[in-house]
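**Student:** A structural model of the following input is requested.
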Amino acid sequence: MRQAVTIQPLTSIVAGGLAVLATLMQVGATPNTVSNPFLQAALQHAPAEPRSAVPCPVHISPLDLLPAPDASGMRHYVHYSGSLTTPPCSEDVDWVVFRDPIKVNAAQVGWMCTALQKAYQHSLSTPGNLHANWLL
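**Tutor:** Numbers count the residues shown, from 1 in each chain. Got it, this is the predicted structure:
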């Protein structure tokens with residue numbers, strides 16, 4: 001099944017390479033699906049302008065955006081070598097794609113799409129600055 005959105009935080013590796021941890025998001029079947037509390041906190045406290053920094057009044061850990069471990073305590077994933085999906089499309093990127101999605105609601109996907117549009121609009125209007133902080 002195709003997922004609506006992925007979270008792809010970019011991580012630098014000590015050896016000088018890059019890694020992407022991709023978490024799939026599955027939109028709940030009903031409009032009343034409970035929001036993901038960790039994503040909700042991140043969205044509520046995100047800066048209003050792309051690439052701006054604001055203090056966050058709550059602790060938000062990127063680990064909270066990973067799928068929950070299974071009964072044995074494992075998070076299943078696929079690992080492969082690839083490249084970035086946006087310019088500069090750097091190669092030699094380690095991708096880790098988690099098998100199980102996290103559940104989100106349609107409103108959260110809408111908020112992320114709005115943030116992405118704003119980030120890309122800002123990025124594309126600045127020559128030489130084609131990176132966005134969030135990827136669909």
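
**Student:** Is Gln26 within a helix or a strand, and which one?
**Tutor:** strand 18-27 (DSSP states H and E).

**Student:** And the strands in this structure?
**Tutor:** 5-7, 10-12, 18-27, 77-83, 91-98, 102-104 (DSSP state E).

**Student:** Show me what the last one is packed up against.
**Tutor:** The elements that strand 102-104 packs onto, with contact taken as 3 or more CB pairs under 8 Å, 6 or more residues apart in numbering; DSSP states H and E, are strand 18-27. For the C-beta atoms, the positions are set from N, CA and C on the backbone; glycine is no exception.

**Student:** Mind listing the strands the strand it packs on pairs with, and their directions?
**Tutor:** Under the criterion DSSP bridges, strand 18-27 sits next to strand 5-7 (antiparallel), strand 10-12 (antiparallel), strand 91-98 (parallel), strand 102-104 (parallel) in its sheet.

**Student:** That strand to strand 77-83, inter-axis angle?
**Tutor:** Angle of strand 18-27 versus strand 77-83, following axes from the mean of the first three to the mean of the last three CA atoms, to 10 degrees, is 130 degrees.

**Student:** quick one: average pLDDT of strand 18-27?
**Tutor:** What strand 18-27 shows for mean pLDDT is 85.

**Student:** Just the CA trace of it, in CSV.
**Tutor:** What follows is strand 18-27, C-alpha atoms only, in CSV (Å, rounded to 0.1, in the frame of the first residue of the first chain):
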residue,chain,number,x,y,z
LEU,A,18,25.1,11.1,4.9
ALA,A,19,22.3,9.0,6.1
VAL,A,20,18.5,9.3,5.8
LEU,A,21,16.1,7.7,8.2
ALA,A,22,12.7,7.4,6.4
THR,A,23,9.6,6.8,8.4
LEU,A,24,6.4,6.1,6.4
MET,A,25,3.1,7.7,7.6
GLN,A,26,-0.2,6.1,7.2
VAL,A,27,-3.3,8.3,7.3
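
**Student:** so where's the chain uncertain?
**Tutor:** 1-16, 30-33, 50, 119-136 (pLDDT under 70).

**Student:** Helices along that one, start to end?
**Tutor:** 37-44, 106-124 (DSSP state H).
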